[in-house]
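Engineer: return a 3D structure for these sequence lines:
(one chain, ligands or ions: 1)
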Amino acid sequence: MRKKPAPDYLSGYPADLAAEVRRLIEQGLLAEMLLRKYPLPHAVRTDTALHDYVVTIKGAFLRNAGQLSKVYFDSRLHVVRNALGTHTSISRVQGQKLKAKREIRISSLFREVPLAFLRMIVVHELAHLKEREHDKAFYQLCRHMEPDYHQLEFDLLAYLSNLEATGRPLWAAVTAVTADTG
Ligand SMILES: [Zn+2]
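Structural biologist: Numbers count the residues shown, from 1 in each chain. Now for the predicted structure:
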């Protein structure tokens with residue numbers, strides 16, 4: 001299998017931790033570890049299912065954060081640069097009122113990941129409805145919605161590093177469990 005050096009997804013973490021992940025990728029061990037920890041992909045495959053999933057989490061935590069106009073998987077989102085999704089606020093004038101139109105686009109690579117990773121990315125994008133920057137308040141809100149947020153973000157970035165290095169999505173061939181949407 002062709003291998004290239006992984007891009008620096010893990011630059012925000014301590015150097016020894018990032019080096020350990022790189023070593024596990026080079027030895028081909030990271031994939032196995034991830035599959036053991038997260039054996040199955042989720043079943044949120046369509047834009048409609050994604051929309052419902054996002055709206056359910058939003059309803060539980062951010063009821064007053066304004067309406068979402070659109071939620072969808074976007075295959076054009078560059079995996080490397082926009083893996084963490086994008087949140088768009090389009091302001092448009094309607095009559096005298098300025099209305100914000102809010103979209104959440106999730107890279108379609110998240111179609112074939114464990115539910116925990118999808119949840120993490122959805123929580124990330126929802127938190128941006130209230131907090132623009134990746135600052136303390138932002139991460140506090142993420143943890144409020146998903147207490148395991150930081151561990152999941154680390155595991156996801158380790159997975160993306162592995163994906164970039166090997167070109168092999170880990171859950172594409174695994175059958176989704178239909179009940180696994182909670
Ligand atoms: Zn962000």
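
Engineer: show me where this protein has its helices.
Structural biologist: 15-26, 30-37, 47-61, 115-127, 136-145, 149-166 (DSSP state H).

Engineer: go through those and pick out the most buried.
Structural biologist: With neighbours taken as mean count of other CB atoms under 10 Å, the helices of the chain reach their highest mean count in helix 115-127, at a mean of 23. The way it works is simple: take the backbone N, C-alpha and C, and place the C-beta from them, glycine included.

Engineer: so which elements touch that helix?
Structural biologist: With contacts defined as 3 or more CB pairs under 8 Å, 6 or more residues apart in numbering; DSSP states H and E, helix 115-127 has these neighbours: helix 47-61, strand 97-107, helix 136-145, helix 149-166.

Engineer: closest to residue 116 out of the ones you listed?
Structural biologist: helix 149-166 (5.5 Å; CB to CB).

Engineer: next, format the helices and strands packed on helix 115-127 as CSV and append mean pLDDT.
Structural biologist: As requested, the helices and strands packed on helix 115-127 are exported to CSV (pLDDT from 0 to 100):
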stretch, mean pLDDT
helix 47-61, 96
strand 97-107, 73
helix 136-145, 95
helix 149-166, 92
